[in-house]
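1. How does the following fold in three dimensions:
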Amino acid sequence: MLIKGLVVDESDKPLENASIVIKRIPSSGSAPLFQKSDQQGHFQFEFPNVGKIELTISRLGYQKVVDTLDNQSAERKIKYKLLKSVQKLDEVKIDYRYRAVEIAKDTIRFSADYFRDSTDRKLQDLIEKMPGFSIEDGKVRFQGKQVNVTLVENERFFGGGSKLAIENIPANAVDKVEMISRFSQNDLLRNVQVNDQLAMNVKLKENKKNFIFGDLESSLGSEKSYKEHAALFYYSPAKTMSFIGDINNIGTSPVSKEDIDRVQGAELQYFSNSVPKDGLTGYNRDNRNVIKNINKFAAFNGFQKILKKKLSVNLYGVYSENRLGTILEGTNHYSFPDLRYTEQTNMRSSQVNRQASFNISSNFKPSPYFSLDYNLGTFWTMPKQQVHTNNVIDRFGVDNNSIQIQDGHSVVLKQYLEGSWKHSLRSYSSFAFQHQYTSERDNFSLSSDSLFLRGFIRFDSMANYSIVRPVERKKHLFNGSYKYYWVINQNQQLHLEVNSQNELLRQNGQSVGAQDTTGAQLFDHGQYYRNSSNYLGGSYRLDFDKLKILFSLKQYYLYLINQTPTNYNRHGQWFLQPEVDLKYGKSALDGFRLNYRRGYTFATAMDLNPSYWITGYNSLSRGNILLEGQTFHKLTFTYNNFRLTDFRVIHFNSTLTLKDKIKGNSLLTSSYEQLKTVQLFDRPDLNFTNIGGYSIRYGRFEPGVYLSYIHMRLAQGIDNSEIYLRQNTVSTDLSLRWFIPKLADVKLAWTRTDSWQKSLADNQKVALNKWSITGKYQLKNLVFKTDWSLLKTGLGDSSADPTTINGNFEVRYQKVKSPFSFYIQGLNVLKNTSYRTAVLTEYISSEKIIYTMPRIFLLGLSYSL
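-> The predicted structure is shown next:
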């Protein structure tokens with residue numbers, strides 16, 4: 001028997017979240033069925049056609065309705081009207097107590113009032129004090145896992161990136177912060193979809209809704225420094241609008257690559273194997289380790305529900321411009337089996353990155369049983385970089401001055417359509433189609449005052465040592481998927497899926513100014529590349545009280561075509577991908593998880609392109625036309641535990657990835673002029689990563705420890721011989737926080753990271769030590785903040801390695817209930833001019849001195865709406 005019902009109030013308006021309980025009469029011993037009415041007041045039950053049934057409909061503030069139905073027809077449509085309940089109260093006593101943390105099935109809810117004080121300005125200040133959270137470069141982690149989606153009032157904030165949210169939402173506007181595991185915005189498929197997304201949902205205070213709030217900020221300082229910032233928000237149940245604008249030259253980046261990618265749009269709910277977006281250049285973090293950093297940024301976000309809340313529309317728009325200037329001095333130590341030498345490098349570079357994005361997405365839900373999503377996004381970027389370099393190698397008498405220029409543009413148009421049905425209480429289905437078009441132009445040139453790469457290329461003119469490489473690329477991605485979900489019973493589900501993904505690339509371009517010495521068209525970069533991944537599969541899901549088991553099996557057919565001016569290859573194969581996932585615990589955020597998956601990765605288009613790509617005055621690389629893909633096995637173990645009584649947080653993650661072969665570089669010579677190609681070495685590739693953390697609160701103290709260990713196997717070929725390396729990285733992070741609410745908050749931390757490589761012929765090591773202290777102190781209307789760090793890094797364990805001490809501070813004055821605040825900010829107060837880093841690669845150990853921005857003092861004014 002199918003029962004379709006509608007719950008309304010006295011004026012026939014639909015009532016959401018009404019409780020409906022249905023049970024047999026007389027009771028058969030089976031548990032009653034329970035459901036909530038949706039936004040349109042609808043509910044639906046499927047019940048065995050046996051005897052009579054009793055329905056109880058209730059909602060807070062309304063009189064309860066009890067109805068008895070005869071189970072005679074196959075389908076019944078009923079409507080219930082609830083009357084408001086009126087009760088006379090003799091006395092009302094309010095005892096207001098809030099919980100700091102509440103734990104539901106898949107949600108941990110933090111009360112902002114418990115953690116907030118008047119010194120907190122932004123959401124970042126607030127969540128840094130909540131147990132289990134860590135923030136790095138605008139990325140939020142909870143219990144060691146990165147947040148995938150950021151929401152405000154259950155809607156994606158600027159596409160779902162975290163940096164814009166935590167650095168712009170005022171702390172005093174936040175009511176609660178919810179961490180949601182196995183997150184899905186699709187209400188229809190929430191109980192049947194299998195995903196591992198972690199979402200952070202910010203709930204706002206009621207008095208921050210239905211009007212504009214935010215802040216405006218302006219500051220000027222020494223060294224012609226400035227910062228202008230605006231963050232304005234409007235939230236209501238049916239409409240939201242946000243604007244963020246920023247311009248500064250103090251090294252603060254308002255946006256991250258994550259945010260740009262999300263605003264670019266088209267993040268699919270159902271496609272787990274979408275091809276990542278390519279860019280001609282990277283995006284910058286907050287960065288004062290340069291001599292110049294100017295940022296311009298503007299973003300708009302709008303959301304509205306129309307057509308009686310059946311249609312919702314989201315708009316995102318972003319423009320970002322970043323100008324960088326860099327100076328560095330480096331020493332590179334090359335270690336080959338038969339050759340060792342040292343290279344001195346001096347580099348000065350200037351870079352301009354411009355990006356613009358626009359995205360529109362819509363969700364249409366005409367009924368509680370069908371939902372349709374459409375997303376259209378476009379993204380444009382135009383980077384330009386110029387690098388002046390001097391390289392000196394005394395052993396070979398090299399003193400080379402070169403200029404490298406790279407510019408271009410990239411345009412991406414991406415759209416997808418997704419739909420989902422709820423056919424019955426036990427039957428669901430979904431489909432998705434995606435198309436992405438990318439057009440890129442990349443111009444590269446390298447000129448030098450002396451002859452370079454003389455063993456591999458011949459210049460057209462001996463009076464001008466210069467090479468120009470213009471390349472154009474056109475890419476298409478097509479993806480289609482259909483899934484069927486069958487709920488067998490309360491504990492079992494069966495999912496079936498068919499998927500097809502095709503990636504096509506056409507590349508044209510030819511390096512001008514030189515010829516290869518073999519005459520094999522190695523400067524013609526033309527290429528046609530296509531990979532196709534198609535599979536038919538299914539999964540079986542078994543849920544008990546605390547134990548959840550998923551068995552998945554997919555049969556793939558993989559197909560690859562690669563064509564260059566001199567080669568044509570095609571390859572097809574069948575591949576079986578099993579997956580097993582076991583979870584045990586009270587929730588996804590408390591318990592352990594064990595996952596095993598077998599997979600396959602294609603060789604990339606660049607790895608299969610055999611032409612010469614000049615990357616420096618002594619560096620030439622090329623792909624391998626015969627390169628194959630890699631089969632891998634991945635085993636992951638995760639444990640999380642959160643204890644409310646003392647905010648104890650334990651998290652541990654261990655991942656073992658085993659590939660059938662090692663992918664590495666092969667050098668055809670061990671001289672300072674290097675031709676690198678990529679190859680697969682006939683030895684298993686192992687990557688073993690372990691990360692764990694522990695923190696607990698004892699009164700006003702909160703100690704914490706974070707440990708990580710990473711083991712990798714590397715390989716390289718030199719002059720037809722194979723060299724195998726093992727690289728290990730061990731990191732220890734100890735911290736101690738001491739705080740007095742509304743007065744002081746101090747955190748001490750020490751980090752030690754050791755990374756070393758071992759081979760039969762050589763051992764190399766890099767060590768980093770960092771001590772840091774951050775503090776915040778409040779005295780009436782004054783708030784003082786400061787952070788200091790001491791960094792010591794170098795090759796080996798040398799105590800002579802130089803130490804860099806850096807400090808910043810801010811003093812802010814704000815009267816209680818005043819919207820204005822005044823502040824003085826100091827950056828790089830000790831006037832450091834540089835800092836030092838050390839890096840290990842397969843055969844190079846490098847030390848660099850990077851010059852930084854000058855000391856800056858800013859005087860600023862902020863106004864809060």
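2. mind checking pLDDT for residue 32?
-> Residue 32 is assigned a predicted lDDT (pLDDT) of 69.
3. what about residue 84, distance to residue 64?
-> Taken as Cβ to Cβ, to the nearest Å, the spacing of residue 84 relative to residue 64 amounts to 12 Å. Any C-beta I mention is one placed from the backbone N, CA and C, and that applies to glycine too.
4. secondary structure element for residue 126?
-> Counting by DSSP states H and E, the element that carries residue 126 is helix 123-127.
5. Over to residue 12?
-> Counting by DSSP H and E, residue 12 is part of no helix or strand.
6. okay, it: pLDDT?
-> Predicted confidence (pLDDT) for residue 12: 85.
7. Next, it: phi, psi?
-> The phi and psi values for residue 12, taken as degrees, to the nearest 10, are phi 70, psi 20.
8. Now do the contacts for it.
-> For residue 12, the contacting residues are residue 81, by Cβ atoms under 8 Å, 6 or more residues apart in numbering.
9. Could you do residue 574 as well?
-> By Cβ under 8 Å, 6+ apart, the contact list for residue 574 reads 555, 556, 557, 558.
10. what are the pairing partners of the helix or strand encompassing it, and which direction each?
-> Using DSSP H and E, the secondary-structure element containing residue 574 is strand 567-587. Taking DSSP bridges as the criterion, strand 567-587 sits next to strand 547-564 (antiparallel), strand 590-601 (antiparallel) in its sheet.
11. Give me the residues contacting the shortest one.
-> Contacting residues not belonging to strand 590-601 are listed as 103, 546, 556, 558, 575-585, 629-642 [Cβ under 8 Å, 6+ apart].
12. Mark which of the residues you listed are buried, thanks.
-> Among the contacts of strand 590-601, those classed as buried by 16 or more other Cβ atoms under 10 Å are 103, 556, 558, 575, 577, 579, 581-583, 585, 629-630, 632, 634, 636-642.
13. State the next helix or strand along the chain beyond the helix or strand where residue 356 lies.
-> Residue 356 belongs to strand 339-367 when assigned by DSSP H and E. Taking DSSP H and E as the definition, the helix or strand that follows strand 339-367 towards the C-terminus is strand 370-393.
14. circling back to that earlier point, with mean pLDDT added, can I get the strands paired with strand 567-587 in TSV?
-> Converted to TSV, the strands paired with strand 567-587 look like this (pLDDT from 0 to 100):
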stretch	mean pLDDT
strand 547-564	95
strand 590-601	93
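15. any chance of these in JSON lines, plus distance to residue 383?
-> Supplementary listing: the strands paired with strand 567-587 in JSON lines, determined by distance: least, Cβ to Cβ, whole Å:
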{"stretch": "strand 547-564", "distance to residue 383": "27"}
{"stretch": "strand 590-601", "distance to residue 383": "28"}
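16. looking at those, which is closest to residue 246?
-> Comparison of the strands paired with strand 567-587 against residue 246 by Cβ to Cβ identifies strand 590-601 as nearest, at 38.4 Å.
17. Extract the C-alpha set from the closest one and format it as PDB.
-> Provided in PDB are the C-alpha atoms of strand 590-601 (Å, rounded to 0.1, in the frame of the first residue of the first chain):
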ATOM      1  CA  ASP A 590      34.200   8.900  15.500                       C
ATOM      2  CA  GLY A 591      35.500   5.400  14.800                       C
ATOM      3  CA  PHE A 592      37.800   3.700  12.300                       C
ATOM      4  CA  ARG A 593      37.700   3.000   8.600                       C
ATOM      5  CA  LEU A 594      39.500   0.600   6.400                       C
ATOM      6  CA  ASN A 595      39.500   0.900   2.600                       C
ATOM      7  CA  TYR A 596      41.200  -1.100  -0.200                       C
ATOM      8  CA  ARG A 597      41.000  -0.200  -3.900                       C
ATOM      9  CA  ARG A 598      42.700  -1.400  -7.000                       C
ATOM     10  CA  GLY A 599      43.100   1.200  -9.800                       C
ATOM     11  CA  TYR A 600      44.800   2.300 -13.000                       C
ATOM     12  CA  THR A 601      46.300   5.600 -14.200                       C
END
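18. List the buried residues for that strand?
-> Within strand 590-601, the residues that qualify as buried are 590, 591, 593, 595, 597, 598, 599, 600, counting by 16+ other Cβ under 10 Å.
19. Tell me which helix or strand in this protein has the weakest average pLDDT.
-> For the chain, using mean pLDDT, DSSP states H and E, the weakest element among its helices and strands is helix 257-264, scoring a mean of 50.
20. before we move on, back to that, can you tell me what sits against the helix holding residue 126?
-> Applying Cβ under 8 Å, 6+ apart, the external contacts of helix 123-127 come out as 110, 112, 115-116, 119-120, 133, 135, 140, 165-171, 174, 177, 202.
21. Now, those that are in strands?
-> 110, 133, 135, 140, 174, 177, 202 (DSSP state E).
22. Now do residue 121 against residue 356, distance only.
-> Between residue 121 and residue 356 the distance is 29 Å, computed by Cβ to Cβ.
23. okay, the two: which has more neighbours?
-> Taking neighbours as other Cβ atoms under 10 Å, residue 121 and residue 356 compare with residue 121 leading, 23 against 18.
24. Just list the residues touching the more buried one, thanks.
-> Residue 121 is in contact with 170, 171, counting by Cβ under 8 Å, 6+ apart.
25. How about residue 772?
-> By Cβ under 8 Å, 6+ apart, the contact list for residue 772 reads 748, 749, 750, 751, 787, 788, 789, 790.
26. and which of those residues is nearest to residue 324?
-> For the contacts of residue 772, the closest approach to residue 324 (Cβ to Cβ) belongs to residue 789, at 22.1 Å.
27. wait, the closest one sits on residue 805?
-> Yes. Residue 789 is in contact with residue 805 according to Cβ atoms under 8 Å; the separation is 7.3 Å.
28. mind listing the helices for the protein?
-> For the chain, applying DSSP state H gives helices covering 112-115, 123-127, 163-166, 257-264.
29. quick revisit: pLDDT for the ones in strands among the contacts of helix 123-127 - can I get that in a markdown table?
-> As requested, the ones in strands among the contacts of helix 123-127 are exported to a markdown table (pLDDT from 0 to 100):
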| residue | pLDDT |
| --- | --- |
| 110 | 91 |
| 133 | 88 |
| 135 | 86 |
| 140 | 89 |
| 174 | 92 |
| 177 | 93 |
| 202 | 92 |
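30. Quick check: PyMOL command selecting the buried ones in those.
-> In PyMOL syntax, the buried subset of the ones in strands among the contacts of helix 123-127 is picked out as below (16+ other Cβ under 10 Å):
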select buried, resi 110+133+135+140+174+177+202
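31. I'd like the ones in strands among the contacts of helix 123-127 laid out as TSV, including distance to residue 301.
-> Putting those into TSV (distance: Cβ to Cβ, whole Å) gives the following:
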residue	distance to residue 301
110	24
133	24
135	21
140	18
174	17
177	19
202	14
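32. so who does residue 743 touch?
-> Contact partners of residue 743, counting by Cβ under 8 Å, 6+ apart, are 777, 778.
33. what's the pLDDT at it?
-> At residue 743, pLDDT is 87.
34. Bridged to the closest residue to residue 656 other than its chain neighbours, which residues?
-> Residue nearest to residue 656 in three dimensions, not counting chain neighbours: residue 635, with 4.6 Å by Cβ to Cβ, 6 or more residues apart in numbering. Taking DSSP bridges, one obtains residue 596, residue 656 as the residues bridged to residue 635.
35. And residue 635, how far from residue 663?
-> The gap separating residue 635 from residue 663 is 20 Å, by Cβ to Cβ.
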